[in-house]
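[1] I would like to see how this sequence folds:
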Amino acid sequence: MSNDLGKIMITGGAGFIGSHLTEELIKENKDVIVLDNLSTGNKSNLDFEHHKENMRLITEDLKNSNQVFEQIKDIDTIFHLAADPEVRTGFTDPISAYEQNIQNTFLLLENIRKNDTKRLVFASSSVVYGEPEIIPTPETFGPLLPISIYGGSKLACEGLISSYCNNYGINGTIVRFANVVGSRAKHGVIWDFIKKLKTNKTQLSVLGNGKQTKSYIHVKDCVDGLLFSLKNTKKNVEVFNLGNRDMVNVLDIASIVCKTMNLENVNIVTEGGTDDGRGWIGDVKEMNLDISKISNLGWNPHENSKDSVEMAAIELYSESI
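    Residues are numbered from 1 along each chain as shown. So this is what the prediction gives:
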């Protein structure tokens, strides 16, 4: 497959990961159209120092299929990052995960099929594995049995993408992210802790038992790995894990955030969550992706999980001041 990406569209390109991807592609002088409904994304995320003559923002929702159809007529490569970004809210609001993830992905695929777009890159998640018996977990592990609504919706999207690629000649790259952290994030454990500590500097509430242990990847490494995955997709549909080899637990993250904010003697309290120690229903207790496949092709993250968390804490605290 050619590495010439042609004209690019990024759905969700004004969001956390999407804006960093947009910025990197702009640096590479690619022509980029950002399509975002700005429900969780923000125009300010696209205020790069770099020149933006080759970037255009279209404020539109994927559910408005006819309008989206008109925008992707000349697009060669689509990075599909638009989604409901919260894992934990799926239990109380499953319709959002269905509409924003499954339904909107189907509508996008229909437009891709009708417009004969050649490439689709999909941002999936480690949560599609559920709680696998093998850790680190390789791409070949199965069956995939997600335990969260979010994970189920991402796996459903993967199935739709695979079927469309095999039926309509689309080249598909599916990338399963570990927990992505870094600047511009507006959700996730580090952001939550910073918000809580700015309200109460003496006590920090941690959901569950705090022993939930997972792999984290900095957003810069995530974008680098995402582009590497696309360039190394050789099959009609290819799946890559993207993460780190080490893990960090929630209590350690709490300590890192307290240190970043120069707070001492904070009373860290574990509370709420589920009876078996999860932060919420559908929270995976332990996650570590096997990244041997992409590593053997020549890619490795620059930062490990602990360093990624420390960097993200500094970045997000700085943005919150």
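[2] what residues does stretch 10-19 touch?
    21-22, 25, 32-36, 38, 40-43, 45-46, 57, 62, 78-83, 85, 108, 123, 177, 180, 182, 184-187, 219, 222-223 (C-beta atoms under 8 Å, 6 or more residues apart in numbering). Where you see a C-beta, it was placed from the backbone N, CA and C, and this is true even at glycine.
[3] same question but for stretch 265-285, I mixed them up
    By C-beta under 8 Å, 6+ apart, stretch 265-285 touches 87-88, 90-91, 126-127, 130-131, 147-151, 197, 201-214, 250-251, 254-255, 258.
[4] Next: stretch 126-145.
    87, 146-148, 150-151, 154-155, 158, 176-179, 215, 239-241, 243, 245, 284-293.
[5] C-alpha coordinates for it, CSV please?
    Taking Å, rounded to 0.1, in the frame of the first residue of the first chain, the C-alpha atoms of stretch 126-145 are listed here in CSV:
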residue,chain,number,x,y,z
SER,A,126,-7.6,-1.9,24.9
VAL,A,127,-11.1,-2.3,26.5
VAL,A,128,-12.2,-4.5,23.6
TYR,A,129,-10.3,-7.3,25.2
GLY,A,130,-12.3,-7.1,28.4
GLU,A,131,-10.4,-9.0,31.1
PRO,A,132,-8.2,-11.4,29.1
GLU,A,133,-6.5,-14.5,30.5
ILE,A,134,-3.2,-13.5,28.8
ILE,A,135,-1.4,-10.3,30.0
PRO,A,136,0.3,-8.7,28.1
THR,A,137,-2.4,-9.2,25.6
PRO,A,138,-1.6,-9.8,21.9
GLU,A,139,-3.8,-8.7,19.0
THR,A,140,-4.5,-12.4,18.3
PHE,A,141,-6.2,-13.0,21.7
GLY,A,142,-9.8,-14.1,21.6
PRO,A,143,-12.6,-14.4,22.1
LEU,A,144,-13.0,-10.7,22.8
LEU,A,145,-15.5,-10.2,25.6
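[6] circling back: return the members of the contacts of stretch 126-145 classed as buried.
    Neighbour-count burial (16 or more other C-beta atoms under 10 Å) is assigned, among the contacts of stretch 126-145, to 87, 146-148, 150-151, 154-155, 158, 176-179, 215, 239-241, 243, 245, 284-285, 287-291, 293.
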